[in-house]
Structure formats: C-alpha cells, structure tokens
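1. Sequence and predicted structure below; questions after.
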Amino acid sequence: MNIFNQTHNVITQINKSLAADGLIPEGGDLSKMVVELPRDLSHGDLSTNVAMVTSKQAAMKPRDLAQLYADRLASESFIDAVEIAGPGFININLADGVWQNQLVAIQEAGTDYGKSAIGAGQNVNVEFVSANPTGPLHAAHARGAIFGDSLAHLLEFAGFDVTREYYINDAGTQVDVLARSSYLRYLEAFGETIEIPAGFYPGDYLKDVGQALKEAFGDSLKAQSEEAYLPVVRDFAIEQIMAGIKADLVRLGVSMDIYSSERALTTSGKVDEALGHLKGQNLVYRGVLEPPKGQLPDDWEEREQLLFKATEFGDDVDRPLQKSDGTWTYFASDIAYHYDKWQRTNGVMIDVWGADHGGYVKRMKAAVQATSGQNNQLDVKLCQLVSLLDNGQPVKMSKRAGTFVTLSDVMDAVGADVMRFIMLTRRNDQTLEFDYAKVTEKSRENPVFYVQYAHARARSVFRQDEAIHEFADADLSLLRDDLEVRLIKQLVSWPSLIEAAAKMHEPHRIAFYLMDLAAAFHGLWNGGRDNPDLKFIQNDKADVTKARMYLVNCVSTVISSGLKLLSINAAEEM
C-alpha cells in the first residue's frame, strides 16, 4: 500500500481507538485530514493536520490533541519518530528503508502506478469546448479543450466512468447569420462582387464554405429565395465548420464521445419536458421582474414573463424562460440540455466555460439543482483568457479568421505537445501568457522542455550499456543520498496527487507535479557531475548501479504516465 494511504489509514484507526477509550468524542469527521510531504523537508518525511481539523469536535487544544495521536503513532513499526510542530501539526519520520521499498510498487505497476479506485465507476460528464459552429477554433478555445480533455483523462485514471461531450449551439440567430454570410461567399465563388454587411461573419474561412456550396449545389441556390436557401445553406455550413473543428481537436489530441445538437434538443420537445418537470415542482410562474439596478438599458420594458424560481436555489433573481415572441430563451434550452445530460448519466456534470460566461454560473447551478433534486451536481470550471505573444509582442490576428488567431495557427507555430503542457502551467481561473519564443526554447525556463528532457535523460542512461537493464533484484537500501531520497519522495507522492487532483477537478496539478519531479531528477543528475559517487553507473559497484537503474526506471515510468494523462509525447531522445 502507498505510504500516504497507509499512514492515513493508521491515523483513522487511532482516531477510532481514542474514541473507544473515551479520550475524544466518537464519529469525528476526518474528511479534511491530509497526509502529505512537509513543505520543508527538514521537518520530517510526512506531515498531517489531523489534530488541527478535529480539535473543535474534540473540544481540545490542537497541540494537546496532537499529543494523543503522536503517542500512538510512535508505536507503529514503520515510524521512527513523531514530533508536534507549530499550532498542532504532526511531523513523522519514517523507519529506514520505508521510502526505498515504495519503489517496488512503481516497478510492478508500470505506467498504471497511481491509478485509483476512488471514482468507483461513478458517471461523470465533462462538457468542454462547445464553441459556436460559426468559425474555426481559436486560442482561447484551446485552453478549454486542453483543460477539459486532461480532466477527463485524470478522472478516468482515478476510476470514474467519463463521457466527453461537445454541445453544438446550432440554433438561434447566430447560425442564421452564418448561413447568410456563407451564401454571400457562395455568390463570390461564381465571380460576383460582394459586400459583407456589418454583423455578418467576415472571415476568409467562409470562402471555403462558399466554394464547397458551389461544388455541391451548382448554381441551383442562386435562384432561390432566402426562405428556401437559408436552411439548406445553414445545415451545410455548420457541417463544414464542425468538420474543421473536429479535425483541429483530433490534431490537438482531443476525442469527444458525444456531439449534442441544440437544434435537435429543441425540436425533440426536450425543452417542454424539462420545463414541465419544473412546473410539476411549482418552480415556474408568470410574473414581472424588477428593473435592473443602476441605469436602465435602452431596451428595458416591464412585462409579464414566464420565470424560473432561481432565487430559491441561490441565484440573485428569477430567470426568464420565454422571449416576447414566444420562443424559448437560451437559458430554457440550457436547462433542457442539462436535464437531458442528467437523465443520460445520473452523475456529476462538469462544464468547462470561458471566463466571459462567469455571470451565468449561478443560474445554471440553480437550474441543475432544481431539475436533478441534488446539490453540487454541476461543477463549472471557468478558463481565463490567453494572451498570445511572440518575443513579448502580441501575435497578429489570423488572416483566415479575420478577428482572432486560430488554434490551427498556434499548433503550426509550436506544436500540440507544447500547447497542451503550457496551457496547464496556470490554474484555469488565472490568465495565461503564451509566448511563442519562450515555449519553444530549449532551456530549463521552458517547463514542457524541462519535463520531456527529464524523461529523455532517464531513457538515455539505459542506452549506455545493455547490462544495466537487469536490475529487478536491486538492493534499494543503497539509495541513501539526500538527493536520491528526495526524488523517491516525489515519485511516491504520485498516487496521492492523482486522488487530490481528481477530487478537486484540477488537472493543472499534474503539470505542476511533473515539473517538481523533473527538478528533483535533474538535481540528482547534476549532483553526479559534482560528485562522481552519485553517478548512476558505477563501474566498480554493480550493486549501487542496479539500485540507481531501478530508481531511474521509476522516474521514466512516472513521467511517462503523467505525460500520457496530458496526451503529451514522452520523448525518448532530445
């Protein structure tokens, strides 16, 4: 068993024994208890906050409670010493050989090391990208795509049953504007001079759609009225653009399980079904909203509307479900979509949105709680903006897109591996600067190079001599140097990192972990330059060489596993 989980289980049992002995109340909540590496490695091998998070329940001072735990922890055979620090943290020193023996689990499991069963096969739906089918994906879409896909891989690794979904917004005025814009490009394909009105989509990418329309329909659409050609051109243009979006996603390493259509949802009666479900709970009514606070918008009018009681579920105001012309609002369609997802999966839903949708979170969470009858059924992850730079200067807009830099352009410039890693070097809710020059330089300042180089370095050791591949019977107790032990601790913390990242829906933790692991390995590598006794291959010490090859192989295994979760190539040579 992983030493972190083993220690966690021991503390849980101690908690029960303390309660049984009447020293603390029974039924203590340990959900916030953690066992982790101390930030300062001089403070011991492991640290736990158990006394800090249970002191209120026990009605004791944290340090006094910590002493109760420490006394019993000290009797465990795998523990050498226990110390209470600060306001009540418990620092643990492990017995000799404990860390080294943890490497056996890595060697036996290979790239499956760190896999967890915490998901227990529970369904999770991750909806991400979901860009309007009115143009190619751009760099901001890339961040959501990479975040969502990496999160899906992480959750699968942690034992969840994951569905990746893309919601195509193919209903509403924007796709009619797309159809009219595409029709102009269709006329242009016949040599006609066109003028693109304000509000239409001006990008050159629609020239390809216009040419494809010409090839598919000849000049038959030219004589048709807008009423006749609009649905034909609309469907054709959406299909063409979605084909380009899917191709870009594949190139980025993203594969969806489901592409859902907003139009199919609305025409199938799903909106009526979802709102009928809410009406059955008396959560829909006709009423008049109060005017917005502050300066009134020009189009504000006080009128009776069909409203959802969103305020009963934590939203600021009740929300309209129907427009003045009787058609459903976007919010009504979104309620139906999430109700449909919940019926299909009966599990947690994770939506990955752009930061500009932040104001929509409360109402959507309210709707999901109302339709599912469960709280915390929806987790919305907002991805902040990406600033594209080249040597510190803003990257010019794409000629094809007209108004933004396409995802395809960025992949052409730096490659998919670089994009995927760099997009996860900041939390999703933090803005990110993506500088072409910096992310492609071969230096330790470039995190993706730094991690891939660590893997390539590890593999290079094995190319020096075939004999060093035989290390299964290595004496791991020989790995005693501080740099070696530091590296082992990083390796062994991988399973705990996976579980924590999966619980918090934070795939960026994988990238951070890989950078820390790479730093520990490079540190040991460089230590061998300064001290020949630390070199991996010791020609006169076969037993030491075996132990270090065992360690190096564990490093390449865990880095390879981590990069695989991020859909990034683990380079063999660089």
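-> Okay, I see it. Everything numeric here is computed off the predicted structure, so don't read it as measured data.

2. Return the set of buried residues in the helix or strand containing Glu499.
-> For Glu499, the element it lies in under DSSP states H and E is helix 494-504. Neighbour counts over helix 494-504 (16 or more other CB atoms under 10 Å) mark 494-499, 501-502 as buried. Heads up, the C-betas are built off the backbone N, CA and C, glycines and all.

3. of the residues you listed, closest to Gly27?
-> Of all the buried residues of helix 494-504, Gly27 sits closest to Glu499, with 23.6 Å by CB to CB.

4. show me what contacts the closest one?
-> 116, 118, 158 (CB atoms under 8 Å, 6 or more residues apart in numbering).

5. what does Tyr285 give?
-> 306-307, 309.

6. cutoff 6 Å now
-> Leu307 (CB atoms under 6 Å, 6 or more residues apart in numbering).

7. got the contact list for stretch 396-415?
-> Here stretch 396-415 has contacts from 136-139, 142, 202-205, 248, 388, 395, 436, 439-440, using CB under 6 Å, 6+ apart.

8. Closest one of those to Ala456?
-> Distance to Ala456, by CB to CB, is smallest for Thr440 among the contacts of stretch 396-415, at 16.4 Å.

9. how deep is that closest one tucked in, by neighbour count?
-> 15 (other CB atoms under 10 Å).

10. Would you mind measuring from it to Ala66?
-> As judged by CB to CB, to the nearest Å, Thr440 and Ala66 stand 49 Å apart.

11. of the contacts of Glu499, closest to Asp235?
-> For the contacts of Glu499, the nearest to Asp235 is Ala158 (39.7 Å; CB to CB).

12. from what I can see the closest one touches Gly119, true?
-> Yes: contact criterion CB atoms under 6 Å: Ala158 and Gly119 qualify, at 5.0 Å.

13. For those two, work out which one has more neighbours and name it.
-> Ala158 (23 against 19).

14. hmm, back to that, tell me which of the contacts of Glu499 is nearest to Lys56?
-> Closest approach between the contacts of Glu499 and Lys56, by CB to CB: Ile118, at 26.5 Å.

15. Give me the three-state assignment for that closest one.
-> Following DSSP: H, G, I helix; E, B strand; the rest coil, we place Ile118 in the coil state.

16. got the phi/psi numbers for it?
-> Main-chain torsions, Ile118, degrees, to the nearest 10: phi -60, psi -30.

17. so what are the domain limits for this structure?
-> Residue ranges of the domains in the chain are recorded as 3-95, 173-252, 447-565, according to automatic domain parsing.

18. May I have the distance across the first one, first residue to last?
-> Right, domain 3-95. Taking CA to CA, to the nearest Å, domain 3-95 runs 12 Å from one end to the other.

19. next one: the shortest one
-> Taking CA to CA as the measure, domain 173-252 stretches 30 Å from start to finish.

20. cool, the longest one as well?
-> Distance across domain 447-565, first residue to last, is 16 Å (CA to CA).

21. got any ranges where the protein has weak pLDDT?
-> Applying pLDDT under 70 to the chain flags residues 295-300, 398-402, 466-467.

22. change it to 50
-> Of all residues in the chain, none has pLDDT under 50.

23. ok, the residue lying farthest from the centre of the chain to Glu215 distance?
-> Ranked by distance from the centre of the chain (CA atoms, centre = their mean), the top residue is Ala223, with 49.3 Å. Counting by CB to CB, the gap from Ala223 to Glu215 is 18 Å.

24. ok, the closest residue to Ala120 other than its chain neighbours to Glu36 distance?
-> Distances taken as CB to CB, 6 or more residues apart in numbering place Gly159 nearest to Ala120, at 6.0 Å, with adjacent residues excluded. To Glu36, Gly159 is 21 Å away according to CB to CB.

25. okay, the helix holding Glu499 in PDB with CA atoms only?
-> Extracted in PDB, the C-alpha atoms of helix 494-504 (Å, rounded to 0.1, in the frame of the first residue of the first chain):
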ATOM      1  CA  TRP A 494       2.200  10.500  -7.300                       C
ATOM      2  CA  PRO A 495      -0.900   8.400  -6.300                       C
ATOM      3  CA  SER A 496      -1.900  10.900  -3.600                       C
ATOM      4  CA  LEU A 497      -1.500  13.700  -6.200                       C
ATOM      5  CA  ILE A 498      -3.800  11.900  -8.600                       C
ATOM      6  CA  GLU A 499      -6.500  11.400  -5.900                       C
ATOM      7  CA  ALA A 500      -6.400  15.000  -4.800                       C
ATOM      8  CA  ALA A 501      -6.400  16.400  -8.300                       C
ATOM      9  CA  ALA A 502      -9.300  14.200  -9.300                       C
ATOM     10  CA  LYS A 503     -11.400  15.200  -6.200                       C
ATOM     11  CA  MET A 504     -10.800  18.900  -6.900                       C
END
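
26. The helix or strand following it: which residues count as buried?
-> Sequence-wise, the next helix or strand downstream of helix 494-504 (DSSP H and E) is helix 508-530. Neighbour counts over helix 508-530 (16+ other CB under 10 Å) mark 508-515, 517-522, 524-525, 527 as buried.

27. Also stretch 48-57?
-> Buried, per 16+ other CB under 10 Å, within stretch 48-57: 48-55.

28. Stretch 225-242 too?
-> For stretch 225-242, the neighbour count (16+ other CB under 10 Å) marks 229-230, 232-234, 236-238, 240-242 as buried.

29. Pull up the distance across stretch 69-79, start to finish.
-> 13 Å.

30. ok, and what's touching that stretch?
-> Residues from elsewhere that reach stretch 69-79 (CB under 6 Å, 6+ apart): 10, 14, 50, 82, 84, 90, 92, 95, 98.

31. Now with 8 Å, please.
-> Stretch 69-79 is contacted from outside by 3, 6, 10-11, 14-15, 17-18, 48, 50-51, 81-84, 90, 92-95, 98, using CB under 8 Å, 6+ apart.

32. Among those residues, name the buried ones.
-> 3, 10-11, 14-15, 18, 48, 50-51, 82, 84, 90, 92, 94, 98.

33. Which of those sits closest to Arg363?
-> Checking those against Arg363 by CB to CB gives Val50 as the nearest, at 39.1 Å.

34. residues contacting the nearest residue to that closest one once chain neighbours are set aside?
-> Excluding its sequence neighbours, the residue lying closest to Val50 (CB to CB, 6+ apart) is Met33, at 4.6 Å. If a contact means CB under 8 Å, 6+ apart, then Met33 has 8, 11, 48-50, 53-54 as its contacts.

35. Restricted to helices, list those residues.
-> Here DSSP state H is the test, and the contacts of Met33 give 8, 11, 50, 53-54 as lying in helices.

36. Quick check: chain neighbours aside, which residue is closest to Gly97?
-> Ser477 is the one closest to Gly97 (CB to CB, 6+ apart), at 5.4 Å.

37. thought that neighbour was touching Gln100?
-> Yes: when contacts are counted by CB atoms under 8 Å, Ser477 is listed as touching Gln100 (5.9 Å).
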